[in-house]
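Engineer: test case, fold it:
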Amino acid sequence: MEGKPLPMATAAEPRSPSRRLPDWFRTSLPSGEEQATFNATKAAVKDNKLHTVCEEARCPNIHECWASGDATFMIAGQECTRGCRFCAVGTIKRPPPLDPEEPAHLAQAVASMNLRHAVITVVNRDDLPDSGADHYKQCIEAVATTSPDVTLELLCSDLAGDLEALAHLLDQSPLSVFAHNVECVPRLDATVRDARASFAQSISILREAKRLRPDIITKSSLMVGVGETDEEIDEALGFLREAGVDLVTIGQYLAPSKKHLAVDRFPEPQRYDDWAEKAMELGFAGVASGPLVRSSYKAGLLVRKTRDPNNEETMLGAYVRVAQPHPSSPTPLKTDEP
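Structural biologist: Numbering: from 1, shown residues only. So this is what the prediction gives:
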């Protein structure tokens, strides 16, 4: 992959109408102790007036993640300065000012929720000189101070390609994982993402993050069903690995509404196992690949399995592979069927 140029994005093409979800998207609700954990997590989010991407993005896995003690929080506002065609988060040109109390509120919420892993995700803040990097840094440090045993993952924006802002953000950061999603294959940038985003810019951020902090796990994610080919997924995985990305997730795109980008296809579950195998061949430390996978879906579990290959936890609707030493077979794709 070394030295290979990234394919150029092409103009948006007409999309096919929405499709019925296949049977393998059926999920079950938590019960017993898991339901109690879910209820406590939901109450803590409401009491602390926080926004979670779990709710804002209408994630289909919210019950399972919250029941397992993982949660994803969205900071820097409820609306984004960009308008990607796949995203359920609202768009606004001039967002309200950042809340100076947000780091403290976030830290208090995480401390009250008995979490093992917290993902902090952000909206794009192109209205700010540093794209919000300093605010993100304050939020991370506040949570780490009050909850030192909780592993922290930042799902970051591309910071408008500002590598100096990235360096400030990562300087002495207590993060376990720095994540930034390329979202789609390079050819589909113009179809899927805001005009200010690109695969090349995302790769630049990921590569520099690994250079600045080789001790921090880097992570990215690809959606399937937005017009890509199987071969383009393989190629995109190669570009990510070449940039030093450690973990990757691959999951099915689901349109939040009829106004959003329509779903192009629903690959069979076995295809996700093929992509998981390809990722491991390329040298990724870990991969979660499956129809129900989202970039933050049980993010802590993927980190734990990567650090401990003997970890036997499972992800619903996902093939999970981690680097050796580990059995060659993947964690089987789980469904709620008996």
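Engineer: drop to CA atoms for contacts and neighbour counts, all remaining ones
Structural biologist: Noted.
Engineer: what's the offset of stretch 166-179 from the middle of its chain?
Structural biologist: Relative to its chain's centre, stretch 166-179 lies at 16 Å (CA atoms, centre = their mean, to the nearest Å).
Engineer: buried stuff in that stretch?
Structural biologist: 166, 169, 170, 174, 175, 176, 177, 178, 179 (16 or more other CA atoms under 10 Å).
Engineer: make CSV out of those and add pLDDT and distance to residue 220.
Structural biologist: CSV is the format used below for the buried residues of stretch 166-179 (pLDDT from 0 to 100; distance: CA to CA, whole Å):
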residue, pLDDT, distance to residue 220
166, 98, 16
169, 98, 18
170, 98, 17
174, 98, 19
175, 98, 15
176, 97, 14
177, 98, 10
178, 98, 9
179, 98, 6
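Engineer: farthest-apart pair in the residues you listed, please.
Structural biologist: 166 and 176 (15.6 Å; CA to CA).
Engineer: so who does the residue most central in space within the chain touch?
Structural biologist: Per CA atoms, centre = their mean, the C-alpha nearest to the average position across the chain is that of residue 295, at 2.6 Å. Counting by CA atoms under 8 Å, 6 or more residues apart in numbering, residue 295 touches 181, 220, 221, 249, 250, 251.
Engineer: how close does the first one get to residue 292?
Structural biologist: Okay, so that is residue 181. 17 Å (CA to CA, to the nearest Å).
Engineer: same check, this time on the fourth one
Structural biologist: Using CA to CA, residue 249 is found at 11 Å from residue 292.
Engineer: with the fifth one instead?
Structural biologist: Between residue 250 and residue 292 the distance is 9 Å, computed by CA to CA.
Engineer: okay, now residue 231: neighbour count?
Structural biologist: Residue 231 has 9 neighbouring residues, counting by other CA atoms under 10 Å.
Engineer: follow-up on the earlier one: please produce a ChimeraX select command covering the buried subset of the contacts of residue 295.
Structural biologist: Here is the ChimeraX command that picks out the buried ones among those, judged by 16+ other CA under 10 Å:
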select :181,220,221,249,250,251
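Engineer: which of the contacts of residue 295 sits closest to residue 151?
Structural biologist: For those, the nearest to residue 151 is residue 220 (17.4 Å; CA to CA).
Engineer: helix, strand or coil for the closest one?
Structural biologist: For residue 220, the assignment made with DSSP: H, G, I helix; E, B strand; the rest coil gives strand.
Engineer: is it true that it touches residue 245?
Structural biologist: Yes - with contact defined as CA atoms under 8 Å, residue 220 and residue 245 form a contacting pair (7.1 Å).
Engineer: leaving out the residues flanking it, which one is nearest to residue 162?
Structural biologist: residue 130 (7.5 Å; CA to CA, 6 or more residues apart in numbering).
Engineer: quick check, that neighbour in a strand?
Structural biologist: No - per three-state DSSP, residue 130 lies outside any strand segment and is coil.
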